[in-house]
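Trainee: Build me a model:
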Amino acid sequence: MKTRKTAILLFSICLISEILIGAFASGFLRGYVGDILVMPTMYFLIRIFTEKCRKTLPGILFFFACFVEFLQSMDLCGILGIDKKSLLAILIGTHGEWMDILCYLAGTILIYFFLLIQKHCPES
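Mentor: As a prediction, this is how the structure comes out:
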């Protein structure tokens, strides 16, 4: 059960960081760090609800993020007629960028570092 508490804490930290970056940051911080943090945020959210797929989940999330980025580059919002200023368009994204995929990769690597540290520092 302690793992769930850890996941809730880390998800909360990541989510608050994402919100603060989205609301107040610009430049490198908003453009790259925010995208890097998307991966751990999603990972810890899912880990709140399940212990399964702990080792494969980061890879699954990375491919999911790449798929969403591909859909963005195909102008999914435009195809579906979603208003670019709507909440749904903000969640989906309105334009795909290759650099975002590198940021998602960096975020995925961060998750694997977390798993490595967690493996060597078991909870008591």
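Trainee: quick one: contacts of the worst-scoring helix or strand of the chain on mean pLDDT?
Mentor: Per-element confidence for the chain was summarised using mean pLDDT, DSSP states H and E. The lowest value among helices and strands belongs to helix 87-92, with a mean of 79. Outside of helix 87-92, the residues within contact range by CB atoms under 8 Å, 6 or more residues apart in numbering are V68, L71, Q72, L76, C77, I82, D83. Where you see a C-beta, it was placed from the backbone N, CA and C, and this is true even at glycine.
Trainee: try 6 Å
Mentor: Contacts with helix 87-92, where a contact means CB atoms under 6 Å, 6 or more residues apart in numbering, come from C77, I82.
Trainee: just stretch 109-124 next, same as before
Mentor: Looking at what lies outside stretch 109-124 - CB under 6 Å, 6+ apart - the contacts are K2, P40, Y43, P58.
Trainee: ok so, going back, buried sites along the least confident helix or strand of the chain?
Mentor: Of the residues in helix 87-92, A89 count as buried by neighbour count, 16 or more other CB atoms under 10 Å.
Trainee: mind listing the helices in this structure by residue range?
Mentor: Across the chain, reading from the start of the chain, the helices by DSSP state H fall at 2-24, 27-28, 34-49, 57-73, 76-80, 87-92, 98-120.
Trainee: of all the ones you listed, which gets the most neighbours per residue?
Mentor: With neighbours taken as mean count of other CB atoms under 10 Å, the helices of the chain reach their highest mean count in helix 34-49, at a mean of 20.
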